[in-house]
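> Sequence and predicted structure below; questions after.
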Amino acid sequence: MRAKLEILAIILGFIGLVGTITVTALPMWRVSAFIGANLIVMEELWEGLWMTCYRQGDIKMQCKVYDSQLSLSPELQAARGLMCVSIVLVVLSLIVTGCGTKKSNCCADNMKSKNITLAFAGCLYLLSCLTTLIPVSWVGHTVIRKFYNSAVPDSQKRELGEALFIGWGTSGVLLITGIILLFCYSKRRSKEEELHTDLMTAMHVPKDDSVYMRRTASSFHKHQEYV
């Protein structure tokens with residue numbers, strides 16, 4: 001059962017890695033809202049972490065990389081750094097998970113070291129979940145707040161892009177992966193404690209079939225007492 005959970009965690013980890021890379025690369029974090037004047041002009045605008053894509057009518061969509069990072073809004077600047085950190089964390093989590101599995105040759109046959117390695121991998125997955133969830137939720141909150149703000153012109157209002165929904169789903173996958181690894185750690189830990197308790201009990205409790213031999217004085221000792 002534990003081996004299957006470890007394999008499942010590795011598969012989910014790869015899915016989380018693909019998801020984080022996809023979210024970071026997609027330009028569809030904020031998309032144009034077809035309301036007011038935009039409904040007539042049909043201008044389509046995508047805004048991502050690295051570039052913007054624009055299309056008007058039947059013209060082919062054109063993408064342009066940001067000229068300067070300072071031109072980005074604060075939430076997109078923070079999202080850039082956090083998503084890059086998230087990718088690094090997921091890669092490290094996969095490597096540490098591979099070292100902590102039961103069938104790996106890492107740490108030889110020291111199950112205690114593998115157990116600690118597996119718990120560390122689970123904590124890394126939970127941390128990568130946070131570094132993915134925070135920027136996605138921050139950008140989503142900003143988009144919704146500006147959309148319902150009457151002071152913002154319709155041309156500047158945006159809607160939630162596909163990258164945000166993929167990011168929320170990826171955060172859930174990373175969270176589940178971390179929980180699975182920590183569950184495997186707790187199961188191994190409880191088993192080690194049971195084995196330790198059984199060993200200590202076997203060392204201190206005498207066996208039922210043992211024979212008690214009373215110690216008698218030797219003949220030399222009796223001779224000394226006689227003298």
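Good, I have the coordinates.

> quick one, what contacts the residue most central in space within the chain?
Among the residues of the chain, the one closest to the centroid is residue 125, at 1.9 Å (CA atoms, centre = their mean). Shown in contact with residue 125 (CB atoms under 8 Å, 6 or more residues apart in numbering): 13, 16, 89, 90, 93, 174, 175, 177, 178, 181. Where you see a C-beta, it was placed from the backbone N, CA and C, and this is true even at glycine.

> hang on, isn't the second one packed against residue 128?
Put plainly, it is residue 16. Yes - taking contacts as CB atoms under 8 Å, residue 16 lies within contact range of residue 128: 7.2 Å.

> Need the residues touching each of those two.
Common neighbours of residue 16 and residue 128 (CB under 8 Å, 6+ apart) are 90, 174.

> Which residue is the nearest non-sequential neighbour of the residue nearest to the centre of the chain?
Using CB to CB, 6 or more residues apart in numbering and skipping residues adjacent in sequence, the residue nearest residue 125 is residue 178, 3.4 Å away.

> Spit out the contact partners of that neighbour.
Residues in contact with residue 178 (CB under 8 Å, 6+ apart) are 122, 123, 124, 125, 126, 129.

> And the host helix or strand of the fifth one, how far out from the chain middle?
Okay, so that is residue 126. Counting by DSSP states H and E, the element that carries residue 126 is helix 111-147. Put simply, helix 111-147 sits 6 Å off its chain's centre (CA atoms, centre = their mean, to the nearest Å).

> Would you mark the buried spots in it?
Buried residues in helix 111-147, defined by neighbour count with 16 or more other CB atoms under 10 Å: 114-122, 124-129, 131-136, 138-140, 142-143, 147.

> on that earlier part again, give me the distance between the residue nearest to residue 125 and residue 66.
33 Å (CB to CB, to the nearest Å).

> Repeat that for residue 165.
23 Å.

> who's in contact with the nearest residue to residue 89 once chain neighbours are set aside?
Spatially, and ignoring its direct neighbours in sequence, residue 89 is nearest to residue 128 (3.8 Å; CB to CB, 6+ apart). The contact partners of residue 128, by CB under 8 Å, 6+ apart, come to 16, 20, 86, 89, 90, 93, 174.

> Per-residue pLDDT of residue 128, please?
We note a pLDDT of 95 for residue 128 in this prediction.

> Please state the backbone phi and psi of residue 45?
Backbone geometry at residue 45, expressed as degrees, to the nearest 10, gives phi -130, psi 130.

> try residue 51
Note on residue 51: its backbone torsions stand at phi -160, psi 170 [degrees, to the nearest 10].

> still on that earlier bit, local confidence estimate at the residue nearest to the centre of the chain?
For residue 125, the pLDDT comes out at 95.

> Quick check: the gap between it and residue 165.
21 Å.

> Over to residue 71?
For residue 71, the distance to residue 165 - CB to CB - is 26 Å.

> The two: which is more packed in?
residue 165 (14 against 9; other CB atoms under 10 Å).

> element containing that one, please.
Using DSSP H and E, residue 165 maps to helix 162-204.

> What average pLDDT does that helix get?
Rounded mean pLDDT across helix 162-204 is 75.

> With stretch 5-12 instead?
89.

> What is the burial count for residue 14?
For residue 14, using other CB under 10 Å, the count is 13.

> In contact with it, which residues are there?
residue 94.

> Please report how far it lies from residue 122.
Applying CB to CB to residue 14 and residue 122 gives a distance of 16 Å.
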